[in-house]
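In: Take this sequence and fold it.
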Amino acid sequence: MMPDSPPAPSAAPTSAPAAGDRMNRSAVLWVALAVFAQEAVWNFYDAQVPEQLRHYFSSAGVIGLVMGLDHSWGIFTQPWVGFYSDGLARRRTGRWPIVLIGAVIAAVPFALIPWATNLPALLACVVGFAAIANAFKGVTETLISDYVTPGNRSKAQGFIKAGVSLTIVVSSLISLLVVDRSLRLAFAIPPLLMLFMLGLSWAFLGRHHRDAVLPEEQTEEESEEQPGEQCEGEREFTTPWAVLKDALRSPSSPTLLLMVGIFCFAGMWSALRSLMTPYGTQVLDLTRGEAGGLTLPGAVAFLVCVLPIAYLSNRLGQLRAMRHGVALFIVGLLVGFAWPSVPGTITSMILSSLGYASFAVNALVALWKLAPTHKVLGTYTALYTIASASGMALGPAILGTTIDLTSWRYMLLNAAVFAGVTFAVFTRLARRAPDRTAA
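Out: Numbers count the residues shown, from 1 in each chain. Here you go, the predicted structure:
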């Protein structure tokens, strides 16, 4: 499928703004499908792997540490993979080879997780999947920047995050309908969905990348034909570390502050996702499958509200919207703690999911707006991944340790305390850089 308004090969450079005035809806659809395919696997992984680890570990802190460490691979791989994908973005294939090859390889260890009969085999599958999947995760999320102009990216992220919320629905349904019947079949379904949907997305969008790319995104051949026409003020970076050094050039850098906020919020969200199934079995006396479905209502609420949140964020500004989202996230956690029942936990997950939706729609777009040139958006996505992966690596272990010190009953209250730190970070960021990431 071709984009709604593909640029003519002979279009003059002055036509670029006109071509980018409206959002490329077909491209958003297929990129959303690609991100959906990827996140379907991760959501099921976060819901069920902790329970698999409970066969070998009784400590929630240790389980959280293992669930967090697998995310740490992205800290080391994402800058290089993201920087390499920036070079591919303006070629005929785009970033797609990284995504497709990575998905095929990652599917194997994921499907083998329930077949592991001892701890070393289980850890080999978990680490193998995480190392590969984390390497291309940020590249998939960066695809939208190749097809949608900056002014429309918040709205495009709304559609993409709506697709991501459906992955929570899919993961919850697999948990509810399949896990208690056949764990091996349940772990086979997500990677098969991922491969099928990524293949479909590539067939309708990736194969036509050369025609679909934005007019202002010069191809490698065009750059060679017009060597002297680099945009004034744009800088060239030769390594991902040069981009990182430029982004974090001072302690008061808004990029650094934003990454700290992303670290905090992603850490607590990952901790809740990783430990919600054990919480359901330990506190609410649910079966493993039933506990895995606790996030389903929150996913539905996310799906219903994420688009209005995305459009509202254009008026409110990314930073302010994220700050309000953290506040709602905290309220949801406190409701769940005060009302320790299935209805109370579901209400908590709905409110927390809505708060997270505001963060999910705006965080990456806010970071992209701080990039010095569009040619390093993949690397800036890697910065987002570094911050979020670091939070995901430490968040489950931190929250799990507080559970060991208190009990599973206090999990939501402990998470609310840590989320309060996140609120303070975003408040400071909004005051120090109120205009840089406003819509």
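In: Please make it C-alpha for all contacts and neighbour counts, starting now.
Out: Fine.
In: For Pro190, give me its contacts.
Out: Contact analysis of Pro190 by CA atoms under 8 Å, 6 or more residues apart in numbering lists Ala40, Val41, Phe44.
In: List the ones among those residues that fall in helices.
Out: Ala40, Val41, Phe44 (DSSP state H).
In: The first one: neighbour count?
Out: Residue crowding around Ala40 was assessed by other CA atoms under 10 Å; the count is 24.
In: Out of the helices and strands in the protein, which is least certain?
Out: Using mean pLDDT, DSSP states H and E, helix 16-19 stands out as the lowest-scoring helix or strand of the chain, at a mean of 36.
In: how deep is Trp409 tucked in, by neighbour count?
Out: Not quite, residue 409 is Arg, not Trp. Here the number of neighbours of Arg409 (other CA under 10 Å) works out to 15.
In: Helix, strand or coil: sort out it for me.
Out: Under DSSP: H, G, I helix; E, B strand; the rest coil, the three-state class of Arg409 is helix.
In: phi, psi of the residue lying closest to it once chain neighbours are set aside?
Out: Of all residues not flanking Arg409 in the chain, Val283 sits nearest, at 6.2 Å (CA to CA, 6 or more residues apart in numbering). Note on Val283: its backbone torsions stand at phi -100, psi -40 [degrees, to the nearest 10].
In: Same check on Met268?
Out: Note on Met268: its backbone torsions stand at phi -70, psi -40 [degrees, to the nearest 10].
In: Looks like it contacts Ala415 (just checking).
Out: Yes - Met268 is in contact with Ala415 according to CA atoms under 8 Å; the separation is 6.5 Å.
In: Between those two, which contacts overlap?
Out: In terms of CA under 8 Å, 6+ apart, Met268 and Ala415 are both contacted by the residues Leu399.
In: Please report phi then psi for Tyr56.
Out: Backbone dihedrals for Tyr56, given as degrees, to the nearest 10, come out at phi -120, psi -20.
In: what's the pLDDT at it?
Out: Looking at Tyr56, its pLDDT stands at 85.
In: Nearest spatial neighbour of it, chain-adjacent residues omitted?
Out: Leu119 (6.9 Å).
In: now that neighbour: how far from Asp46?
Out: 18 Å (CA to CA, to the nearest Å).
In: Which of the two has more residues huddled nearby?
Out: More crowded of Leu119 and Asp46, by other CA under 10 Å: Asp46, with 21 against 13.
In: for the more buried one, helix, strand, or coil?
Out: Going by three-state DSSP: Asp46 is helix.
In: OK, contacts around it?
Out: Asp46 sits next to Met67, Arg273, Ser274 when contact means CA under 8 Å, 6+ apart.
In: which residues touch the first one?
Out: This points to Met67. So Met67 contacts Asp46, Pro50, Ser274, Ala393, Pro396, Ala397 (CA under 8 Å, 6+ apart).
In: hmm, back to that, tabulate the contacts of Asp46 (CSV), appending distance to Asn314 and secondary structure.
Out: Shown next, in CSV, are those (distance: CA to CA, whole Å; DSSP: H, G, I helix; E, B strand; the rest coil):
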residue, distance to Asn314, secondary structure
Met67, 34, helix
Arg273, 28, helix
Ser274, 31, helix
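In: Dump those into CSV; add pLDDT and distance to Ala107 as well.
Out: Formatted as CSV, the contacts of Asp46 follow (pLDDT from 0 to 100; distance: CA to CA, whole Å):
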residue, pLDDT, distance to Ala107
Met67, 75, 18
Arg273, 81, 21
Ser274, 79, 20
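In: wait, which of these is closest to Gly355?
Out: Arg273 (14.4 Å; CA to CA).
In: any weak-confidence spans in this protein?
Out: 1-23, 68-74, 208-241, 247-252, 432-439 (pLDDT under 70).
In: Figure out how far the strand or helix carrying Ser390 is from the centre of its chain.
Out: Assigned by DSSP states H and E, Ser390 falls within helix 377-405. Taking the mean of its C-alpha atoms, helix 377-405 sits 11 Å from the chain's own mean (CA atoms, centre = their mean, to the nearest Å).
In: swap in stretch 41-60?
Out: 19 Å.
In: export that stretch as PDB, just CAs?
Out: Only the C-alpha atoms of stretch 41-60 are listed here, as PDB (Å, rounded to 0.1, in the frame of the first residue of the first chain):
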ATOM      1  CA  VAL A  41       5.600 -10.400  22.700                       C
ATOM      2  CA  TRP A  42       6.900  -8.100  25.400                       C
ATOM      3  CA  ASN A  43       3.600  -7.700  27.100                       C
ATOM      4  CA  PHE A  44       3.100 -11.500  27.400                       C
ATOM      5  CA  TYR A  45       6.700 -11.800  28.400                       C
ATOM      6  CA  ASP A  46       6.300  -9.300  31.300                       C
ATOM      7  CA  ALA A  47       3.000 -11.000  32.400                       C
ATOM      8  CA  GLN A  48       4.200 -14.600  32.500                       C
ATOM      9  CA  VAL A  49       7.900 -14.900  32.800                       C
ATOM     10  CA  PRO A  50       7.900 -13.700  36.500                       C
ATOM     11  CA  GLU A  51       5.600 -16.600  37.400                       C
ATOM     12  CA  GLN A  52       7.900 -19.000  35.500                       C
ATOM     13  CA  LEU A  53      10.800 -17.700  37.600                       C
ATOM     14  CA  ARG A  54       8.900 -18.300  40.800                       C
ATOM     15  CA  HIS A  55       9.600 -22.000  40.300                       C
ATOM     16  CA  TYR A  56      13.200 -21.300  41.100                       C
ATOM     17  CA  PHE A  57      13.100 -18.100  43.300                       C
ATOM     18  CA  SER A  58      10.900 -17.300  46.200                       C
ATOM     19  CA  SER A  59      12.200 -13.700  46.600                       C
ATOM     20  CA  ALA A  60      10.300 -11.000  44.800                       C
END
